[in-house]
Every structure is written in C-alpha cells, then in structure tokens.
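> Need coordinates for the following:
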Amino acid sequence: MLPFDPIDEASRQWTKRWDAADAMHAVTSLMRVQQLVLARLDSLLRPHGLSFARYEALVLLVFSSRGSLPLGKMGERLQVHPTSVTSIVRRLEASGLIVRVPHPEDGRAVLAEITPAGRALVERATADLVAAGFALDDLDQAQHNALSELLRPVRAAAGDYDPDS
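You can find the predicted model right below:
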C-alpha cells in the first residue's frame with residue numbers, strides 16, 4: 001500500500017503540463033477501479049472454476065427464455081468480439097456447463113445451451129458474488145445507483161445502447 005494516492009500525484013503532475021486534469025483523474029480512477037473490481041470478482045469466481053466473463057455468459061443463458069442462444073446473439077448481448085464468445089463457449093463446454101446444439105430453425109447456426117450443472121453453478125457463484133456485494137461492498141445502495149446513473153450517458157454516447165428506445 002502506497003503512503004499517497006498515485007492518481008492524485010499524477011493529476012498534480014498533469015496540471016503542470018496539460019489541461020483537463022479533472023478528466024484525466026476521473027478516467028484513471030475509473031480504469032483502476034475496473035482493474036480492482038474485476039480482480040476481486042475473478043477471485044470470488046475462481047473456486048467455481050469461472051472467470052467473470054464465463055460467469056456473465058452463463059447468466060445470459062439463464063436469463064434466456066429457452067436456456068440457449070445463438071453464439072452471435074451472445075456476443076451482441078455480452079458486447080464482446082465473436083472470437084471471445086467462441087473462447088468462452090469452448091471453456092464452458094469443456095467444463096460441462098453448456099453444450100452446443102444445432103439451431104432448430106437455422107441449419108447454419110449453433111446454439112449454446114446451459115446444462116443443469118451450469119444452472120446449479122450459476123446459483124452457487126451468484127450467492128458468493130451477492131455476499132461480497134459484487135466487489136462494491138464499500139458503497140451503499142444509493143451510491144450504486146448514483147454510479148450507474150453517472151456512467152449511463154458515457155455508455156449511451158458510445159453506442160452501448162439506444163437510450164431513446
């Protein structure tokens with residue numbers, strides 16, 4: 001643990017050279033918190049044999065009405081590259097948490113379908129994440145909501161979703 005905040009120090013140094021130190025401080029803080037949260041989530045999920053990316057894919061399948069989705073749709077909803085979806089699906093399939101099945105209406109497509117073991121694992125892993133406050137347990141519910149709302153315009157402006165639909 002450092003005896004000073006390195007992001008504050010970077011901001012102090014930045015101010016001597018360039019403008020927008022407040023924006024630099026905010027984005028650097030955001031990126032560091034993302035690293036810390038992801039590391040903690042992965043640590044919580046490691047005993048379950050999961051990374052956060054694989055956990056998200058399983059949860060997506062749990063949320064789907066049939067427990068299965070085409071790989072392309074998974075990539076869209078998870079907002080990851082098709083290569084990443086393929087890698088995630090391969091690892092989940094090797095662990096027996098999903099199976100790949102032919103699409104019943106489109107012979108060219110493949111569905112990822114969650115198995116009973118995958119559903120059971122999602123329940124156990126989710127209990128651990130909830131107990132740990134999804135690694136944001138230092139914030140209260142109002143702060144969770146405020147953080148989500150604060151980041152919403154950045155996500156919308158980047159095309160993450162259509163705020164008008």
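
> switch to C-alpha atoms for all contacts and neighbour counts from now on
Fine.

> Next, the buried residues of the helix ranked longest in the chain.
Scanning the chain for the helix with the most residues, using DSSP state H, yields helix 21-45. By neighbour count on 16 or more other C-alpha atoms under 10 Å, the buried set for helix 21-45 is 21, 24-25, 28, 38, 40-42, 44-45.

> now these as JSON lines including pLDDT and distance to R152?
Shown next, in JSON lines, are the buried residues of helix 21-45 (pLDDT from 0 to 100; distance: C-alpha to C-alpha, whole Å):
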{"residue": "A21", "pLDDT": "97", "distance to R152": "22"}
{"residue": "M24", "pLDDT": "97", "distance to R152": "19"}
{"residue": "H25", "pLDDT": "97", "distance to R152": "19"}
{"residue": "T28", "pLDDT": "97", "distance to R152": "18"}
{"residue": "L38", "pLDDT": "96", "distance to R152": "19"}
{"residue": "R40", "pLDDT": "97", "distance to R152": "23"}
{"residue": "L41", "pLDDT": "98", "distance to R152": "22"}
{"residue": "D42", "pLDDT": "96", "distance to R152": "24"}
{"residue": "L44", "pLDDT": "98", "distance to R152": "26"}
{"residue": "L45", "pLDDT": "98", "distance to R152": "27"}
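
> Would you mind giving those residues as CSV with distance to L60 added?
Below are those laid out as CSV (distance: C-alpha to C-alpha, whole Å):
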residue, distance to L60
A21, 38
M24, 34
H25, 33
T28, 30
L38, 18
R40, 21
L41, 17
D42, 17
L44, 19
L45, 16
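
> picking that back up, now do the longest helix of the chain: which elements does it pack against?
Contacts defined by 3 or more C-alpha pairs under 8 Å, 6 or more residues apart in numbering; DSSP states H and E place helix 21-45 against helix 6-17, helix 52-63, helix 116-131.

> at 6 Å instead, please
helix 6-17 (3 or more C-alpha pairs under 6 Å, 6 or more residues apart in numbering; DSSP states H and E).

> Determine the angle, from 0 to 180 degrees, between the helix it packs on and helix 21-45.
160 degrees (axes from the mean of the first three to the mean of the last three C-alpha atoms, to 10 degrees).

> Out of the buried residues of helix 21-45, which is nearest to G133?
Nearest to G133 out of those is L41 (C-alpha to C-alpha; 9.9 Å).

> So V101: helix, strand or coil?
strand (DSSP: H, G, I helix; E, B strand; the rest coil).

> residues near it, how many?
For V101, the tally of surrounding residues (other C-alpha atoms under 10 Å) stands at 14.

> That one against L111, yeah?
Yes - V101 is within contact range of L111, at 5.2 Å (criterion: C-alpha atoms under 6 Å).
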